[in-house]
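# any chance you could fold what I've pasted below:
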Amino acid sequence: MDKKRIVITGLGVISSIGIGKDAFTENIFKGFSGIKPITSFDSAAFEVKTAGEISNFTPEAILGPKGLRTLDRSIKLIACAAKLALNDSRLEISEANSRDTGIAVGATFGSLSSICDFDKEALTEGVRYVNPALFPNTVINSPASQVSIKFNIKGFNITVSTGFSASLDALNYAADALRNDRVKIALCGGVEEFCIQEFLGFYKAGCLTDSRGLILGEGAGILVLEELNSALARKAKIYAELLGFGSAIQDFKKSMRLSLEEAGLTPEKIDYIGSAANSAGEFSASEAKAIEGLFGEKAKSIPISSIKPLVGELFSASGSLQACAAISAIEKQAVPPALLNQAGAFKIENVLINAGGKTGSNSSLIISKFKGY
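The predicted structure follows:
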């Protein structure tokens, strides 16, 4: 039996360089940076004073004014990305197709601020006086679950918390569910919000810097995946095809090799690499070494870039936004200019995306230009 083909039919992006795929794409190719002075808390006492914060974020403009009061920032970010993705795919979720639609979200720190605020109120006011309406925000599956509730998604509801690779892992989970006929449509991606608790965790661990090292960001990316026949039946626009996935612990060479094997491609067929490149010295060096080991001489000429110099380290959400950038590269037949080696116009059919970090889980995803049957 032939393997079912999974295509991408919608994109929703909330980022520090643009709200929506069009603004996001335009600013990527302009090389516009979303890294700016921190405003969500006073950073005067810290050596690091910048981050990829999202300015002028008004979820009411996307979701409407109702039902937002008790939702935290991470939920609002991913719900807005989901709404934009649904709009972009011209997809309506109704009772007729709600059980054929699923959602998979990569999130690791999504509830951190809510947990801290909830616990602080319990400690200062007493547990009997904590607002119970805020409790749902304190569980890690709250972003995916709230999106499921808001948009009537009843197929499956999965949260993936594998750290840096979480959103690519969520895309793979969704693709497998589609291939196994669990659903016909899947929303998948990742989210992280920027907050002082996350900042302090990385800062005190010595991982952050304004010059060398991680610069944190925030954002959400949602991709709509469908089995090809479903997309064709509703005459959906097809952005690209998801061909291969691989995952390994602290071994990018293996994760890339596995993704190539699943896609049925050789390294020579990869036209562009979206790098994990999170500026964590040893890790970035290990990714570069893995690319050199797998691609050989081609590693010297293949265009490699990352969106992280523009948006910061988005942790669980990074892979989903890098995937959106890869689709933009395929559409424009050009490489985003935030490059590790070269820029310009290229023939781009197959893009390999890496996501991973010091937490150990490394994943690679191959997205390709849709070529029809």
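
# alpha carbons only for contacts and neighbour counts from here, please
Fine.

# which other helices and strands does the one helix or strand S247 maps to contact?
Secondary structure from DSSP states H and E places S247 in strand 240-249. Secondary-structure packing of strand 240-249 (3 or more C-alpha pairs under 8 Å, 6 or more residues apart in numbering; DSSP states H and E): strand 6-15, helix 252-263, strand 361-368.

# dump these to a markdown table, plus mean neighbour count and mean pLDDT.
Output for the helices and strands packed on strand 240-249, formatted as a markdown table (neighbours: other C-alpha atoms under 10 Å; pLDDT from 0 to 100):
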| stretch | mean neighbour count | mean pLDDT |
| --- | --- | --- |
| strand 6-15 | 28 | 98 |
| helix 252-263 | 21 | 97 |
| strand 361-368 | 28 | 96 |
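
# those: which one's closest to G190?
strand 6-15 (10.1 Å; C-alpha to C-alpha).

# what about dumping the CA coordinates of the closest one to CSV?
In CSV, the C-alpha atoms belonging to strand 6-15 read as follows (Å, rounded to 0.1, in the frame of the first residue of the first chain):
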residue,chain,number,x,y,z
ILE,A,6,0.5,14.7,3.8
VAL,A,7,0.2,18.3,2.6
ILE,A,8,0.2,21.7,4.3
THR,A,9,-2.8,23.9,3.5
GLY,A,10,-2.8,26.7,6.0
LEU,A,11,-0.3,28.8,8.0
GLY,A,12,-0.9,30.9,11.1
VAL,A,13,2.0,32.9,12.7
ILE,A,14,2.3,35.2,15.7
SER,A,15,5.8,36.5,16.0
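
# show me what it is packed against.
helix 21-30, helix 73-89, helix 166-179, strand 219-227, helix 228-233, strand 240-249, helix 318-332.

# related to what we said a few turns ago, what average pLDDT does the strand holding S247 get?
Averaging pLDDT along strand 240-249 gives 96.

# buried sites along that strand?
A240, E241, L242, L243, G244, F245, G246, S247, A248 (16 or more other C-alpha atoms under 10 Å).

# how is A236 assigned, secondary-structure-wise?
State at A236, reduced to three classes by DSSP: H, G, I helix; E, B strand; the rest coil: coil.

# give me the neighbour count for it.
18 (other C-alpha atoms under 10 Å).

# hang on, T70 packs against P136?
No: at 9.3 Å, T70 does not count as touching P136 under the criterion of C-alpha atoms under 8 Å.

# what about the two, which has more around it?
P136 (19 against 13).

# I'd guess the more buried one is in a helix, am I close?
Yes: counting by three-state DSSP, P136 is found in a helix.

# residue contacts, it?
S142 (C-alpha atoms under 8 Å, 6 or more residues apart in numbering).
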